[in-house]
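Q: turn this into a structure:
(2 chains)
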Amino acid sequence: MHKSKAKMLQLIVTLSACAFLFVPTILSVMAGVTANYFQGISSGLTLKWVFRVWELYADSIFLSLWLAIACLFCTLLIGLPAAYGLARHPGWLSRILEEFISLPLAVPGLALALALLQLYGSMKGFRASWTFILVGHVLYTLPFMVRSILAVLAAIDLKTLEEGAATLGASPWQRFRDIVVPNAMPGILAGALTVVTLSIGEFNLTWMLHTPYLKTLPVGLADSYASMRLEVASAYTLVFFVLIVPLLMAMQWASARAQRIAQ
Amino acid sequence: MSNRQFVLACLTPLFIFSLAFLALPLVRLFLASGEGENGWAIYLDILRKPRYLNTLWMTVLVSISVTFTALAISTTAGMFLSRNRFRGRGVLLSIMTLPLAFPGVVIGFLIILLGGRQGLINQITPGHVVFAYSVIGLFLGYLYFSIPRVLLTVMAAAEKLDPPLEEAARTLGASPYRVVIDVILPGLMPSLIAAGAIAFATAMGAFGTAFTLATNIDVLPMVIYTEFTLSANIAMASALSIVLGIVTWALLLIARSLSGTTVAAGG
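A: Numbers count the residues shown, from 1 in each chain, chains lettered A, B, ... in the order given. Predicted structure coming up:
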């Protein structure tokens, strides 16, 4: 009797938490497809708000997608060799470097943005271009890429594999291309999905770094929350959900897979 | 090219990038905090001027409440979900991890839909119940942000608990309540401290949610933002950023040393 009572309480807490997390999401989706939210669902369902969002914010959606791809490219270019270097050269120096590049995970985006603005804000050409936002996104997502690859590389016996290849006459570059990259693939995939998901949703840094002509999706969201009617804001949020939820699910699948391999 | 040279070449892009866009900007931020009219005494000003001190207290207070509430809810739900197998469990789990991908701005908006002027609560209850723009809204927004993150940490730790230990306690006559207090909670403790530190640090630094709710409650990130953009008090904005950064960084360091993993802070 006691036990079932405790279980009942647990169930109630779990269901309440679910309701707290899910009800507003549903409200947002519904408001995005309702003709007039204030009158309720009886005013009819419509896609006109979604089209309105497309007219108003298509640019910001494309900018976010473009930034995510560019960010992925940069984090791969910097992160993949770096993860290999850190895996091959473990020691206190590598530890410190890894700790240091992980700072953006802990230090709030606002503080990092202020730091970037004060050092590079006076370089007008750089400050006003999309690459300035890109730097922020790479800064924030790079640790995820490096750690994801590093976790997989640390689990395999890289040294033995490479020595084998070296005996057969493979150059360092050939070994990197033919041994390290294929073995690191699960980590690369998990890292890549994480980078894209985080880049598309990034707001704290981007809000400070963006210019009126360069609005990303989340910056556009903040803009619509402040100045558009509730239906448009909701429809825009709906568009964001459609983009981000499949990415999140793919990311969780890939991360679980990479973690299994790393164990 | 020798092996050693190749490995060093691999680390070079990372080194250059983090020097140019992380190390130097942070040094600049720190120097800027001392360039105000009061010089380095600005850090004392934070503690002396009521506006900043109250902000600091407010931020810590909200963050502590969020941390403990999130821990209570997520531990209960996490233990329940990892100990019971039933139909719909997967759905519940998906619902509770879905918000991981929501940035703070979106969560702010969801809270407005719940407790804003046109919000659900105001519509279904008699009278005028609007809480989104108050400290309650802020609290709920941060809670929304933290529940999924704490839940994942707790569930990962719950998988590693040793069920025979609980059985032994029960055989020895311990009540379910005592089993929770003496066996389950101590087993979960390192993860709970880690998850709590993460929740606290993210609540301290959360900007998006507070920004969307546009509250007139002074929390640290909002004050940094207004000092920088409206008052153009760059030294104070920098000093507060440094303080905030050190606090969140130290907390997450503790969290990581206890649990080995960190869930993406973000937001």
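Q: sketch out the low-pLDDT regions of the stretch 151-263 of chain A for me.
A: Within the stretch 151-263 of chain A, no stretch falls below the threshold (pLDDT under 70).
Q: enumerate the residues of it near chain B.
A: A:166, A:171-173, A:176, A:194, A:197-198, A:201-204, A:207, A:218, A:221-222, A:225-226, A:230, A:233-234, A:237, A:240, A:244-245, A:247-248, A:252 (Cβ under 8 Å from any Cβ of the partner chain). For glycine as for every other residue, the C-beta is placed from the backbone atoms N, C-alpha and C.
Q: sort out which of those residues are buried, if you could.
A: Buried subset of these (neighbour count, 16 or more other Cβ atoms under 10 Å in any protein chain shown): A:172, A:176, A:194, A:197-198, A:201-204, A:207, A:218, A:221-222, A:225, A:230, A:233-234, A:237, A:240, A:244-245, A:247-248, A:252.
Q: can you say which helix or strand has B:Gly36 in it?
A: Of the helices and strands defined by DSSP states H and E, none includes B:Gly36.
Q: what's the neighbour count on the closest residue to it other than its chain neighbours?
A: Taking Cβ to Cβ, 6 or more residues apart in numbering or on different chains as the measure, B:Gly36 lies nearest to B:Ala235, with 2.9 Å between them; neighbours along the chain are not counted. B:Ala235: 20 surrounding residues under other Cβ atoms under 10 Å in any protein chain shown.
Q: does B:Ala235 really touch B:Ser33, like I thought?
A: Yes - contact status for B:Ala235 versus B:Ser33: in contact at 5.7 Å, counting by Cβ atoms under 8 Å.
Q: tell me who's in contact with the residue nearest to B:Gly36.
A: With contacts taken as Cβ atoms under 8 Å, 6 or more residues apart in numbering or on different chains, B:Ala235 has the following neighbours: B:32-38, B:42.
Q: most neighbours among those residues, which one is it?
A: Among the contacts of B:Ala235, where neighbours are counted by other Cβ under 10 Å, the top count belongs to B:Ser33, at 23 neighbours.
Q: for that residue, phi and psi?
A: The phi/psi pair for B:Ser33 (degrees, to the nearest 10) reads phi -70, psi -20.
Q: pretty sure it sits against B:Ala41.
A: No - under the criterion of Cβ under 8 Å, B:Ser33 lies out of contact with B:Ala41, with a separation of 11.0 Å.
Q: tell me how the chain divides into domains.
A: The chain I'm using is chain A. Per automatic domain parsing, the structural domains of chain A span A:1-46, A:56-262.
Q: can you look at chain B instead?
A: According to automatic domain parsing, the ranges for chain B are B:1-33, B:40-259.
Q: winner for burial among those domains?
A: domain B:40-259 (a mean of 19; mean count of other Cβ atoms under 10 Å in any protein chain shown).
Q: and stretch B:161-177, how far apart are its ends?
A: The first and final residues of stretch B:161-177 sit 17 Å from each other (Cα to Cα, to the nearest Å).
Q: run through who's touching that stretch.
A: Stretch B:161-177 has contacts (Cβ under 8 Å, 6+ apart) with A:2-3, A:6, B:178-179, B:182-184, B:187-188.
Q: do stretch B:31-47 as well
A: For stretch B:31-47, the external contacting residues (Cβ under 8 Å, 6+ apart) are A:118, B:52-53, B:56, B:233-236, B:238-243.
Q: out of those, which sit inside helices?
A: Under the assignment DSSP state H, the contacts of stretch B:31-47 contribute A:118, B:52-53, B:56, B:234-236, B:238-243 to helices.
Q: spatially central residue for chain B, please.
A: Among the residues of chain B, the smallest C-alpha distance to the mean C-alpha position (Cα atoms, centre = their mean) belongs to B:Thr202, namely 2.2 Å.
Q: now do the SS call for that one.
A: For B:Thr202, the reduced secondary structure class is helix; criterion used: DSSP: H, G, I helix; E, B strand; the rest coil.
Q: my guess is it meets B:Ile147, correct?
A: No - at 11.7 Å, B:Thr202 and B:Ile147 do not qualify as touching, with contact defined as Cβ under 8 Å.
Q: sorry, back to before: what's the farthest-apart pair in the contacts of stretch B:31-47?
A: Considering Cβ to Cβ, no two members of these lie farther apart than A:Gln118 and B:Leu53, which are separated by 25.0 Å.
Q: contacting residues for the residue of chain B found nearest chain A?
A: Here the residue of chain B nearest chain A is B:Gly205; by Cβ to the nearest Cβ that distance is 3.1 Å. With contact taken as Cβ under 8 Å, 6+ apart, B:Gly205 is in contact with A:107-111, B:220-221, B:244, B:248, B:265.
Q: please apply the same query to A:Ile261.
A: Taking Cβ under 8 Å, 6+ apart as the definition of contact, the neighbours of A:Ile261 are A:152, A:155, A:186-187.
Q: quick one: contacts for residue 78?
A: Went with chain A since none was named. A:138, A:142, B:13-14, B:17.
Q: that's the wrong chain, I wanted chain B
A: By Cβ under 8 Å, 6+ apart, B:Gly78 lies in contact with B:150-151, B:154-155, B:158.
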